[in-house]
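*Asks:* 3D, please:
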Amino acid sequence: RHYRAAASFFILAEADAVVRKEGPLAVLLAALAVLSVIALNFRSLPFVAIAFGSLLVSFTLFLALAAALGMHLNLFSITVLPSVFGIGIDGTVHLVHRGWESRDPQALGRVVRQVGGAIWIAALTTTVGFGALMFQDNPGVASIGTLASIGVLLVCTLSALTAGALLSLWLARVERKAAS
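*Replies:* Numbers count the residues shown, from 1 in each chain. Coordinates of the predicted model:
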């Protein structure tokens with residue numbers, strides 16, 4: 001495309017339309033990339049399902065909360081969604097890895113205590129970093145900070161909690177099968 005200098009609001013309107021049109025594709029591509037990395041890493045359908053399923057549930061809840069709070073996506077804030085998706089899986093991967101290594105339902109409480117604190121601190125520090133953008137004068141930059149802060153904190157926390165619960169159920173199932 002070629003843009004001719006006219007008024008900046010014409011250019012921004014066109015850019016906003018492009019981002020709104022292509023934003024969902026960017027999130028989908030981020031999701032597929034994350035799924036591919038997780039699948040290559042775990043090479044186990046139950047662990048891929050636990051990690052990625054937890055991320056999908058938490059990301060969907062984040063989008064629903066953002067909509068309920070009236071947080072409209074704009075040219076700036078929509079660009080943060082793939083980052084929230086990618087950052088949101090970090091702690092969950094660590095938690096699922098540790099559960100995968102132990103494969104012991106009795107050890108899962110210890111795993112959650114050890115990894116959970118690190119997950120929470122990582123999510124909190126990333127949230128604080130993005131949160132600084134909320135205080136900028138530019139409304140677009142401020143919207144990035146708001147959406148990213150809520151997204152990272154919510155997605156990281158819910159994804160890890162969901163993964164811990166699913167991992168507990170799966171490990172208990174495996175233990176029951178082994179006992180019978």
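
*Asks:* now do the host helix or strand of Leu161: distance to the chain's middle.
*Replies:* Following DSSP states H and E, one finds Leu161 within helix 139-179. Relative to its chain's centre, helix 139-179 lies at 8 Å (Cα atoms, centre = their mean, to the nearest Å).

*Asks:* which strands and helices sit next to that helix?
*Replies:* helix 45-68, helix 81-88, helix 90-102, helix 108-131 (3 or more Cβ pairs under 8 Å, 6 or more residues apart in numbering; DSSP states H and E). Yep, even glycine has a C-beta here, placed from its N, CA and C like the rest.

*Asks:* using TSV, please lay out these together with distance to Pro24.
*Replies:* TSV is the format used below for the helices and strands packed on helix 139-179 (distance: least, Cβ to Cβ, whole Å):
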stretch	distance to Pro24
helix 45-68	11
helix 81-88	9
helix 90-102	23
helix 108-131	21
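
*Asks:* mind giving me a markdown table with those and columns for mean neighbour count, distance to Leu25 and mean pLDDT?
*Replies:* A markdown table is the format used below for the helices and strands packed on helix 139-179 (neighbours: other Cβ atoms under 10 Å; distance: least, Cβ to Cβ, whole Å; pLDDT from 0 to 100):
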| stretch | mean neighbour count | distance to Leu25 | mean pLDDT |
| --- | --- | --- | --- |
| helix 45-68 | 18 | 16 | 92 |
| helix 81-88 | 21 | 10 | 85 |
| helix 90-102 | 21 | 23 | 85 |
| helix 108-131 | 16 | 23 | 87 |
